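J.: Provided below are the primary sequence and the corresponding predicted coordinates.
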Amino acid sequence: MRATFEEKTYENYFNAELDRKTTIFFPLGQVQEGSLGFDASGFSRNRRLWRMLGHPFWFFPHFDGVELREIADEMEHFLRRILREIPRMKANIIFQYKKPEKITIPSGKEWSNWNEPYFRYDIYKEQQELLMHIHNTFGNRTLVIYASPAIIDVNKLVEVHMRGELIEKSNFKKAFEINQHHRNTYIEEGTYSIACSEPERIDDFDLIEELNNLGEKNSDNYGGNYNIDFINNFRNEIESIMSENQFYSKSFTELNKSLDKFYEYKILYSFLVMRNFRQLTGNQWLIKI
């Protein structure tokens, strides 16, 4: 049985609940929604175009337009201010969200591991290799996790979301724990998984507790330039990892070519690069503060 909701729906509900229950910084923010995703800009004096937009004119358009550089200047200033005001960053988190299917008949390939209905999702080779590269590069400075709900019905998903219990109703596995496997299976939330093809039991863990314990405690209350360096250094490492990845490198490079005009705006550039990373790989980047 396939899930009757989109993976993005689960992701959005999950992130909203995570934001309420933990001290997590969502670094993509407006970039994620495309507010900063301007790959091109222009100013037209075409009367027909402005008339279609509801602003007809005779000699001169009603608007003077704004230089892209002015917008970039303003956003860089805004982002730097935010990063200096929030607590010091402790660790990066990468989520790969998975929409499961539910196997309800004994002919399911993994049925013999459970002998009852179970959930499963695929682990794609290209995704897993990238996640393992990130894990191996950063070690305990970055937590890399698969998240999947023990739900396939959209009405149940909404009901659980409204009660604020979606995290509780999800299954979490660290990417390195299911390396060398092509599927993960589980029967309900909060229990162990069996990763396949060669069956291996993998215990579950408490996500909120794991996040609360993530990263060393800092005596500094606020980040100052530390947070700015934290963001830029992580982006730089991700760029390096992606450039070495045979599956993603070409597309990632092409996507980032249009960002060259923002390179001098380091924070804005970092967020835009990480937006491309997210759109291409489906990996959500968060930060523990």
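T.: Everything's here; your move.
J.: residues contacting residue 252?
T.: Going by Cβ atoms under 8 Å, 6 or more residues apart in numbering, residue 252 touches 242-243, 245, 276-277, 280. Where you see a C-beta, it was placed from the backbone N, CA and C, and this is true even at glycine.
J.: state the distance from it to residue 242.
T.: Going from residue 252 to residue 242 by Cβ to Cβ, to the nearest Å gives 4 Å.
J.: what is in contact with these two at once?
T.: With Cβ under 8 Å, 6+ apart, residue 252 and residue 242 have common neighbours residue 277.
J.: thinking again about what came up before, name the nearest of the contacts of residue 252 relative to residue 94.
T.: Relative to residue 94, the closest of these is residue 277; by Cβ to Cβ it sits at 9.7 Å.
J.: what's next to the longest helix anywhere in the chain, contact-wise?
T.: If you go by DSSP state H, the chain has its longest helix at helix 225-244. With contacts defined as Cβ under 8 Å, 6+ apart, helix 225-244 is touched by 27, 80, 83-84, 86, 88-89, 92, 130, 133-134, 137-138, 220, 223, 248-249, 252-253, 256, 266-267, 269-271, 273-274, 277, 287.
J.: mind checking what helix or strand follows that helix in sequence?
T.: Going down the chain from helix 225-244, the next helix or strand is helix 249-257, by DSSP states H and E.
J.: how far does that next one sit from its chain's centre?
T.: 18 Å (Cα atoms, centre = their mean, to the nearest Å).
J.: what's the answer for stretch 116-129, then?
T.: 18 Å.
J.: identify each buried residue in that stretch, please.
T.: Using 16 or more other Cβ atoms under 10 Å as the test for burial, stretch 116-129 gives 118-121, 123, 127-128.
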